[in-house]
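Enquirer: Got a predicted model here, sequence first, then my questions.
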Amino acid sequence: MKNTFIYSMVALMGLGVTANAGVSVKGAVTSYEVGQERSSQSVDLSRAKAMEKRLPLEMLDYPMVNKALIGDEESASKRRAVAEKGSVGSGLATLSKTIPLTQIESEPEVVPEEYGNPVKGINFPYTTSRVDMYRSAFSRKYPYRAAGQLFFKEGEETYVCSAALIKRGLLVTAAHCVANYGKQQFYSGWRFVPARKGGSAPYGIWDAQDAYIMTKYYKGASDECISGVVCKDDVAVIVLEPQDGKYPGDTIGWFGYGYGGYSYIKKRMAQITQLGYPVSHDSGRLMQRNDSLGVKGNSKYKFNTLIGSRMTGGSSGGPWIVNFGQRSQLSGTTFGHAARPNIIVGVTSWGYKDSKYKIQGASPFTKSNIKILVKEACKKYPDACRK
């Protein structure tokens with residue numbers, strides 16, 4: 001049986017969404033204002049379902065990690081790296097327990113990192129694990145807590161992706177978690193659960209009031225995607241509705257975001273931390289973390305970044321972060337180049353259907369997608385973007 005690609009999400013295409021009321025096409029950006037339909041949605045957070053969309057492997061049969069992958073870069077005019085910083089928020093807390101040094105092995109076993117079957121002879125080593133270890137609640141600490149699970153409706157069914165805050169009231173996720181590619185159809189009823197842990201929503205459940213994607217993705221432009229899967233602009237921004245005048249970012253903080261190859265070495269490679277809620281791991285009830293080298297593809301890959309990852313459906317829309325974590329206090333050394341912490345440079349877009357091939361991809365953040373989407377959303381909802 002031939003290998004196939006699949007969107008790394010738990011929800012995607014449907015049988016006919018008719019959410020054209022409230023849709024506004026303004027040049028490069030298309031938005032969907034949720035409006036009154038919000039109250040009529042019955043999003044079932046307990047029974048969100050998986051849905052697959054596949055692409056034949058031979059359609060992406062190009063050598064990787066060579067000139068065919070990292071060559072053929074975008075023009076210099078499109079390579080200016082920019083990043084906007086995030087915010088920690090007000091909810092920091094120290095861990096209740098520490099591990100005595102006597103419990104740490106002095107000579108731990110050394111083993112290779114996990115990796116999947118090679119694709120055309122190439123592997124991407126990675127490490128995928130739960131964020132919350134033992135009885136800890138790391139998912140409630142910054143920066144983890146700025147990521148979460150995204151539920152939404154397609155027809156009568158509820159589906160799930162992942163997402164992250166990039167402003168106090170602004171989410172970033174994958175466009176395929178917002179709209180059916182090329183069908184001019186939006187999904188609806190988005191609800192964001194930051195730092196979900198099991199049956200707990202420690203920072204509440206937040207409704208969406210507006211969603212933004214690129215018009216090329218909405219209309220299915222001929223140069224936008226390879227068979228609707230590997231795309232230039234699989235990126236979306238969602239504006240959340242405030243509760244009592246406050247947004248989730250006031251408490252949990254938010255990530256920064258960067259574009260134009262921020263923190264990539266020669267715009268080609270970067271160390272990527274990926275967060276998400278794949279349903280193949282703990283039934284999608286616990287946040288997962290993945291770390292891998294990211295390598296930027298060429299135009300045949302729509303300049304997507306590729307990483308090694310064990311994540312699967314449900315992780316779509318989850319953030320790909322450079323310089324992840326809380327900064328140390330330095331003495332006797334300095335930070336390196338492009339060192340701004342916790343900067344999202346992409347979101348999970350696609351991966352292989354066959355679980356033996358553990359590689360995922362993400363559309364690049366550029367000034368032609370994420371910058372424009374954030375600008376349009378913040379123009380209409382300035383309070384959601386206030387620092």
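Expert: On my side now, so go ahead.
Enquirer: List the beta-bridge partners for the residue nearest to residue 177 when sequence neighbours are not counted.
Expert: Leaving out its chain neighbours, the residue that sits closest to residue 177 by Cβ to Cβ, 6 or more residues apart in numbering is residue 161, at 3.7 Å. Bear in mind the C-beta positions are built from the backbone N, C-alpha and C, glycine included. Beta-bridge partners recorded for residue 161 (DSSP bridges): residue 150.
Enquirer: ok, and residue 251, which helix or strand is that part of?
Expert: Using DSSP states H and E, residue 251 falls within helix 249-252.
Enquirer: now for the helix or strand following that helix, which elements pack on it?
Expert: Downstream of helix 249-252, the first helix or strand assigned by DSSP H and E is strand 256-259. If you count contacts as 3 or more Cβ pairs under 8 Å, 6 or more residues apart in numbering; DSSP states H and E, strand 256-259 packs onto strand 82-84, strand 343-347, helix 370-380.
Enquirer: In terms of secondary structure, what does the next helix or strand after strand 256-259 contact?
Expert: Later in the chain than strand 256-259, the nearest helix or strand by DSSP H and E is strand 269-276. Packing partners of strand 269-276 (3+ Cβ pairs under 8 Å, 6+ apart): strand 157-167, strand 288-296, strand 305-308, strand 319-322, strand 343-347.
Enquirer: Now tabulate those strands in CSV and tack on distance to residue 22, mean pLDDT and mean neighbour count.
Expert: Output for the helices and strands packed on strand 269-276, formatted as CSV (distance: least, Cβ to Cβ, whole Å; pLDDT from 0 to 100; neighbours: other Cβ atoms under 10 Å):
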stretch, distance to residue 22, mean pLDDT, mean neighbour count
strand 157-167, 20, 95, 28
strand 288-296, 34, 95, 23
strand 305-308, 33, 94, 26
strand 319-322, 27, 98, 28
strand 343-347, 24, 97, 30
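Enquirer: now those as CSV including distance to residue 131?
Expert: As requested, the helices and strands packed on strand 269-276 are exported to CSV (distance: least, Cβ to Cβ, whole Å):
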stretch, distance to residue 131
strand 157-167, 12
strand 288-296, 5
strand 305-308, 17
strand 319-322, 13
strand 343-347, 16
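Enquirer: Any idea which of those gets closest to residue 260?
Expert: strand 343-347 (9.4 Å; Cβ to Cβ).
Enquirer: okay, and the helix or strand of the chain with the least pLDDT?
Expert: Lowest mean confidence among the helices and strands of the chain (mean pLDDT, DSSP states H and E): strand 4-7, at a mean of 43.
Enquirer: picking up where we left off before, determine which stretch of the helices and strands packed on strand 256-259 is the most buried.
Expert: Counting by mean count of other Cβ atoms under 10 Å, strand 343-347 has the highest mean neighbour count of these, with a mean of 30.
Enquirer: Measure how it sits relative to strand 157-167, angle-wise.
Expert: Between strand 343-347 and strand 157-167, the angle comes out at 150 degrees (axes from the mean of the first three to the mean of the last three Cα atoms, to 10 degrees).
Enquirer: Any idea how far apart the tips of stretch 288-304 sit?
Expert: 22 Å (Cα to Cα, to the nearest Å).
Enquirer: so how far is that stretch off the chain centroid?
Expert: Distance, stretch centre to chain centre, for stretch 288-304: 12 Å (Cα atoms, centre = their mean, to the nearest Å).
Enquirer: Dig out what residue 83 forms beta bridges with.
Expert: According to DSSP bridges, beta-bridge pairing links residue 83 with residue 258.
Enquirer: Distance to residue 328 for the helices and strands packed on strand 256-259 - can I get that in CSV?
Expert: Formatted as CSV, the helices and strands packed on strand 256-259 follow (distance: least, Cβ to Cβ, whole Å):
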stretch, distance to residue 328
strand 82-84, 19
strand 343-347, 17
helix 370-380, 28
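Enquirer: returning to that earlier point: next secondary structure after the least confident helix or strand of the chain?
Expert: Scanning forward in sequence from strand 4-7 by DSSP H and E, the next helix or strand is strand 23-26.
Enquirer: With just CA atoms, put that following strand into PDB.
Expert: C-alpha atoms of strand 23-26 as PDB (Å, rounded to 0.1, in the frame of the first residue of the first chain):
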ATOM      1  CA  VAL A  23     -18.000  36.500   5.800                       C
ATOM      2  CA  SER A  24     -16.100  39.500   4.600                       C
ATOM      3  CA  VAL A  25     -13.500  39.400   1.800                       C
ATOM      4  CA  LYS A  26     -11.200  42.400   1.900                       C
END
